[in-house]
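S.K.: Here you go, sequence then predicted model.
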Amino acid sequence: MKKIFFVLLPFFTVPQAMAQTATVSVKDTANLGKVTVYKDSRLDALVKKEGESNEIYALSPKSAKGYRLMLLNTSDRPLAMNLRAKLLQRYPEQKVYMSFQPPYIKIKFGNFSEPDEAEKYRKEIIKTKLVANIYLLPEIIEVKPDKDKDKEASN
């Protein structure tokens, strides 16, 4: 059995070894060293879409440890809606979070990474007399990445 295998082995391996050699004619010497790539044009569209989705993901809000101000904890819905509307008008750059935990409506304000920043808003809101008691709460906040910082980091 082994003898038959070793006798037949050259018949199967020699043709494959010969398939790798090729003679080069004078006409083909001009094309030596050049590679021609044939690709589907849809690949370019796919690469563009992938790049756009990566950019959207990079600029989407992320979560981090931070602070929010607890402004109101009441069961009076009209009072809560009124305060929410005033805050949205007065501070459009900050988010107002309204949640319902029966029987209370809670209003939280802002996404602050530092307690000093939250304290500034706290003092300002107390001055305007929208709310009397405001508490600083440590929470998980939304952090929006800055487009300019991302561009500078990539350069």
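M.R.: Cool, the structure landed.
S.K.: Now do the same contact list for Glu142.
M.R.: By Cβ atoms under 8 Å, 6 or more residues apart in numbering, Glu142 lies in contact with 61-63, 95, 111. In short, each C-beta sits where N, CA and C put it, glycine included.
S.K.: how about 7 Å then?
M.R.: 61, 63, 111 (Cβ atoms under 7 Å, 6 or more residues apart in numbering).
S.K.: and if you look at Lys62?
M.R.: 143, 145.
S.K.: so what's it bridging to?
M.R.: Listed by DSSP bridges, the beta-bridge partners for Lys62 are Val143.
S.K.: Equivalent analysis for the one 4 residues further on, please.
M.R.: On DSSP bridges, the residues paired with Gly66 through beta bridges are Glu139.
S.K.: I'd say it and Ile141 touch.
M.R.: Yes. Look at Gly66 against Ile141 with Cβ atoms under 7 Å: they come within range, at 3.5 Å.
S.K.: what is in contact with these two at once?
M.R.: Common neighbours of Gly66 and Ile141 (Cβ under 7 Å, 6+ apart) are 111-112.
S.K.: give me every residue that touches the residue most central in space within the chain.
M.R.: For the chain, the residue sitting closest to the mean C-alpha position, by Cα atoms, centre = their mean, is Tyr57 at 2.8 Å. For Tyr57, the contact set (Cβ under 7 Å, 6+ apart) is empty.
S.K.: tell me the pLDDT at it?
M.R.: Turning to Tyr57, the model gives it a pLDDT of 84.
S.K.: Then Tyr67?
M.R.: On the pLDDT scale, Tyr67 gets 95.
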